[in-house]
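1. Build me a structure from this.
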Amino acid sequence: MSRLWLRTLLVTGLPDEVEPVAERHREHLRGLIRAGRLRLAGELEHGDGFVEIFEAVDRLEADSIGRSSPLIEEGLAAWTLREWFETHRG
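-> Residues are numbered from 1 along each chain as shown. Here you go, the predicted structure:
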C-alpha cells in the first residue's frame, strides 16, 4: 500500500541558472503524474520553490523519488521530505 509524502524544494540558485532546470523539474512532475504518483503540486511565489505530495510505498522509495528532481541533482535547491497524513479535506 502506498503512503503519501510531502516534498518541499526551496530554490538556492540564481534565477538565470535555475529557470532552465526548473522547467526540467516540471517535466519530472509530469512524469510522476503519468506514473499515477503525484497527488498535488504547486510553485511558491516568485519562483522560490515547489511543494508536492506524492505516493511511495516506503521511505526508501520516497527518498529516491525526492532526490530525483533535477533541481536537487544540480544543487540548485534545498529540500525536505516528510510523510503526509491527510486529516481533513475541504
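
2. quick one, what contacts the residue lying closest to R24 once chain neighbours are set aside?
-> Nearest non-adjacent residue to R24, counting by C-beta to C-beta, 6 or more residues apart in numbering: P70, 4.1 Å away. The way it works is simple: take the backbone N, C-alpha and C, and place the C-beta from them, glycine included. Neighbour list for P70: V21, R24, H25, H28 [criterion: C-beta atoms under 8 Å, 6 or more residues apart in numbering].

3. before we move on, which element is the first one in?
-> Taking DSSP states H and E as the definition, one finds V21 inside helix 15-34.

4. Next secondary structure after that helix?
-> Towards the C-terminus, the helix or strand next in line after helix 15-34, according to DSSP H and E, is strand 38-43.

5. Restricting to C-alpha, output that following strand in CSV.
-> The C-alpha trace of strand 38-43 is given here as CSV (Å, rounded to 0.1, in the frame of the first residue of the first chain):
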residue,chain,number,x,y,z
LEU,A,38,1.6,12.8,-7.9
ARG,A,39,-1.4,13.9,-5.8
LEU,A,40,-0.8,17.7,-5.6
ALA,A,41,1.9,20.1,-6.7
GLY,A,42,2.4,23.9,-6.6
GLU,A,43,5.0,26.6,-7.0
